[in-house]
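Peer 1: with the input below, show me the fold.
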Amino acid sequence: MASAVSDADSTDDMPKKKIKLSDDTDEEPVNPSIAEDLSAHSRLNSLESFKLERILSENNNSKSVFLEGRFDSTDEIAVVLLEKLPIAKDSVEKLLNAADLALNLKIPTVSPNTTDYACYPKVDRGDVKATIIYPATSKHVQKYQHQSRYIVNETPEVYNNIVLPHITSQKNSLQWVYNILEHKSEAERIVFEDPDPELGFVLLPDLKWDESEKDSVYFIAICHAKHVKSLRDLDADSLPLLKNIKTKSFSVINEKYSIPAEKLRVFVHYQPSAYHLHVHFISIQLNVPGLQFEKAHLLDNVINNLELFSSYYKQTILPFTIRESDPLWSVIKEKYNIPSEKLRVFIHYQPSYYHFHIHFTSIQRHAPGSQFEKAHLLDTVINNIELFPSYYKDATLPFTLNELDPLLTKLKDASVISL
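Peer 2: Residues are numbered from 1 along each chain as shown. This is a model prediction of the structure:
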């Protein structure tokens with residue numbers, strides 16, 4: 001199974017063809033979209049002719065690897081992503097009936113009842129997808145190459161003096177966003193629009209959803225107001241816009257796709273992939289890049305913060321991760337002495353046990369429990385208390401529960417939660 005991206009898709013205007021506001025996260029490169037112009041790939045029918053030059057990066061969490069190399073008879077660089085696909089439900093029985101097991105002695109047993117085995121299926125599963133960027137530019141290679149990453153705690157001063165000028169100096173145009181809002185592109189994919197210039201938005205599916213499986217649903221809501229770039233521009237006056245996006249999007253998604261609000265994660269990214277306010281609506285079952293707590297901000301939390309403290313996002317410290325090759329990182333290092341961290345330091349709510357404890361993990365580690373509705377960055381906790389001493393007494397704190405969790409039943413019976 002292979003998809004491909006031609007050089008025509010490497011320009012800054014790529015999203016004029018397809019909306020893809022959810023990419024360019026610091027956690028894991030998102031699969032490139034399928035190109036409309038496949039002329040560069042017409043002679044490719046096998047990976048046998050691909051000559052590997054180096055492994056750019058690998059991700060054990062997504063079971064994927066990025067490779068750099070060249071195809072025979074060409075000097076042009078190619079980037080190949082090999083990614084293991086999920087096990088298809090309809091193939092499970094066939095797999096179980098044709099698989100040998102070997103005791104894995106390299107991995108210690110964690111409990112008397114649990115043992116790891118190497119599993120060798122005898123059936124052809126076809127479970128590796130190849131995504132090919134060809135010809136690839138140096139920009140592609142750099143994007144998918146393993147890089148050191150840092151957490152930066154952005155103060156309002158740093159935002160105003162460094163980040164905002166850097167954003168405004170970039171050549172990356174938002175014209176493709178305006179084209180969507182003006183129905184010059186993607187008009188056929190818009191599932192709802194509120195045309196109000198201040199409170200309105202368009203709602204359409206993200207490319208990562210094929211519009212078939214409800215468990216992988218992914219929508220993007222793009223506001224019409226051009227002056228709202230990111231979280232930093234939000235204040236109490238933004239509440240009608242945010243609530244309008246939330247309420248109407250929930251209604252449309254439930255009406256058209258039979259997906260209730262409690263089955264959706266709704267969040268805003270910081271730093272965003274595009275500096276025009278957009279909101280992500282995804283299935284709570286979906287595990288995609290960009291859900292880490294130093295990047296994703298739950299919309300309900302954003303609304304709650306603004307209701308508690310009108311200028312919250314103009315005065316708070318906002319953490320974000322950044323790659324070593326990012327031009328903004330060079331500006332930050334050059335102009336300001338900002339402490340950067342290679343550790344995630346956070347607190348869980350609800351915790352696994354109710355005795356206060358703090359987690360320290362490598363920023364490179366993709367660990368369970370780093371989702372934004374569970375983990376709270378320690379620096380953010382400290383900053384919230386400094387800004388608003390009773391923050392954690394007054395704030396709404398989200399958390400996820402398994403359907404069979406006894407606490408969920410108790411909360412429902414007591415009518416103290418709104419799902």
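
Peer 1: ok, I284 touching R265?
Peer 2: Yes - I284 is within contact range of R265, at 5.4 Å (criterion: C-beta atoms under 8 Å). (C-beta placed from N, C-alpha, C; glycine too.)

Peer 1: between these two, who's got more neighbours?
Peer 2: Neighbour count, other C-beta atoms under 10 Å: between I284 and R265, R265 has more, with 22 against 14.

Peer 1: quick check: chain neighbours aside, which residue is closest to E373?
Peer 2: Beyond its immediate neighbours in the sequence, the residue positioned closest to E373 (C-beta to C-beta, 6 or more residues apart in numbering) is P398, lying 4.6 Å away.

Peer 1: nope, V252 is what I meant
Peer 2: That would be F192: by C-beta to C-beta, 6+ apart, it lies 4.4 Å from V252.

Peer 1: how many other residues sit next to that neighbour?
Peer 2: 17.

Peer 1: what strand or helix carries A102?
Peer 2: Under the criterion of DSSP states H and E, A102 resides in strand 99-103.

Peer 1: buried residues in that strand, which are they?
Peer 2: Buried residues in strand 99-103, counted by 16 or more other C-beta atoms under 10 Å: none are found.

Peer 1: direction included, what does it pair up with?
Peer 2: strand 117-121 (antiparallel) (DSSP bridges).

Peer 1: and L377, what does it touch?
Peer 2: F293, E294, P319, R344, V345, F346 (C-beta atoms under 8 Å, 6 or more residues apart in numbering).

Peer 1: which members of those residues are classed as buried?
Peer 2: The neighbour-count criterion (16+ other C-beta under 10 Å) marks F293, E294, P319, R344, F346 among the contacts of L377 as buried.

Peer 1: sorry, back to before: tell me how far the strand holding A102 lies from the chain's centre.
Peer 2: Taking C-alpha atoms, centre = their mean, to the nearest Å, one finds strand 99-103 lying 35 Å from the centre of the chain it belongs to.

Peer 1: average pLDDT for that strand?
Peer 2: Mean per-residue pLDDT for strand 99-103: 74.

Peer 1: what lies in contact with it?
Peer 2: Counting by C-beta under 8 Å, 6+ apart, T115, Y117, A118, C119, Y120, P121, K122, V123 sit against strand 99-103.

Peer 1: quick one on the thing from earlier: closest one of the contacts of L377 to Y218?
Peer 2: Distance to Y218, by C-beta to C-beta, is smallest for F293 among the contacts of L377, at 19.3 Å.

Peer 1: and the helices in this structure, which stretches?
Peer 2: 92-96, 138-144, 156-158, 164-169, 175-181, 239-257, 299-308, 312-315, 327-335, 378-387, 391-394, 406-413 (DSSP state H).

Peer 1: nearest to T74, of those?
Peer 2: helix 138-144 (15.7 Å).

Peer 1: got the CA positions of that closest one in PDB?
Peer 2: Only the C-alpha atoms of helix 138-144 are listed here, as PDB (Å, rounded to 0.1, in the frame of the first residue of the first chain):
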ATOM      1  CA  SER A 138      16.400  19.300   1.600                       C
ATOM      2  CA  LYS A 139      13.500  20.800   3.500                       C
ATOM      3  CA  HIS A 140      11.700  17.400   3.400                       C
ATOM      4  CA  VAL A 141      14.900  15.700   4.600                       C
ATOM      5  CA  GLN A 142      15.300  18.100   7.500                       C
ATOM      6  CA  LYS A 143      11.700  17.900   8.500                       C
ATOM      7  CA  TYR A 144      11.800  14.100   8.900                       C
END
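
Peer 1: before we move on, back to that, TSV please, covering the helices of the chain and showing distance to L47, mean neighbour count and mean pLDDT.
Peer 2: Formatted as TSV, these follow (distance: least, C-beta to C-beta, whole Å; neighbours: other C-beta atoms under 10 Å; pLDDT from 0 to 100):
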stretch	distance to L47	mean neighbour count	mean pLDDT
helix 92-96	24	12	80
helix 138-144	17	16	83
helix 156-158	45	14	92
helix 164-169	39	13	87
helix 175-181	32	19	92
helix 239-257	37	17	97
helix 299-308	42	18	95
helix 312-315	47	18	96
helix 327-335	33	14	82
helix 378-387	44	16	92
helix 391-394	53	12	93
helix 406-413	47	12	79
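
Peer 1: turn those helices into TSV, columns for distance to D206.
Peer 2: Below are the helices of the chain laid out as TSV (distance: least, C-beta to C-beta, whole Å):
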stretch	distance to D206
helix 92-96	28
helix 138-144	19
helix 156-158	30
helix 164-169	23
helix 175-181	12
helix 239-257	13
helix 299-308	16
helix 312-315	24
helix 327-335	24
helix 378-387	27
helix 391-394	32
helix 406-413	29
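
Peer 1: hmm, back to that, mind pulling up the pLDDT for the residue nearest to E373?
Peer 2: On the pLDDT scale, P398 is placed at 80.

Peer 1: no further queries at this time; thank you.
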